[in-house]
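>>> Sequence isn't available, so here's the structure alone:
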Ligand SMILES: [Zn+2]
């Protein structure tokens, strides 16, 4: 995602480090009037915020899937269906690996971008 793809409402969700505009307020010109577009640094911060929210949403979804699989595992155990438990163990491992890879991607984003 490029900063130019940001909507103005996404940009307004963060404060501007350049002119000091609060969240929800437009950036200001040095003369005090409103700017037509947000300062570059503000767009940059808004973009980072969105990227982090997206990473976290994906991780949250992956964690929710783990809960669903664990619940299925409990149901299979209560039925003493050990074949199903064995299959669910494979599914669980794949889901754990997927979650770990999402966390690695997030860590890489934070580490490489320094954000
Ligand atoms: Zn500004």
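Perfect, thanks for sending it. None of these values were measured; they are calculated from a predicted model.
>>> and stretch 90-106, average pLDDT?
In this model, stretch 90-106 has an average pLDDT of 97.
>>> buried sites along it?
Buried residues in stretch 90-106, counting neighbours by 16 or more other CB atoms under 10 Å, are found at 92, 95, 98-99, 102, 106. To be clear about C-beta, it is placed using only N, CA and C from the backbone, and glycine gets the same treatment.
>>> Take those residues and keep only those in strands.
Per DSSP state E, strands hold no members of those.
>>> quick check, nearest of the residues you listed to the ion?
residue 106 (27.7 Å; CB to the ion).
>>> need the buried residues of stretch 90-106 in CSV with distance to the ion, can you?
Supplementary listing: those in CSV, determined by distance: CB to the ion, whole Å:
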residue, distance to the ion
92, 47
95, 43
98, 39
99, 37
102, 33
106, 28
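>>> Go through these and flag which are in helices.
Secondary structure from DSSP state H places 92, 95, 98-99, 102, 106 of the buried residues of stretch 90-106 in helices.
>>> ok, back up a step: what is the nearest of the buried residues of stretch 90-106 to residue 47?
The nearest member of these to residue 47, counting by CB to CB, is residue 106 at 15.3 Å.
>>> now that closest one: how far from residue 43?
21 Å (CB to CB, to the nearest Å).
>>> Can you tell me which residues in this structure are near the ion?
When proximity is defined as CB under 5 Å from the ion, the chain approaches the ion at 16, 18-19, 21, 27, 39.
>>> Who are the packing partners of the helix or strand hosting residue 89?
With secondary structure defined by DSSP states H and E, residue 89 is part of helix 82-113. In terms of contact count using 3 or more CB pairs under 8 Å, 6 or more residues apart in numbering; DSSP states H and E, helix 82-113 is assigned the packing partners helix 40-78.
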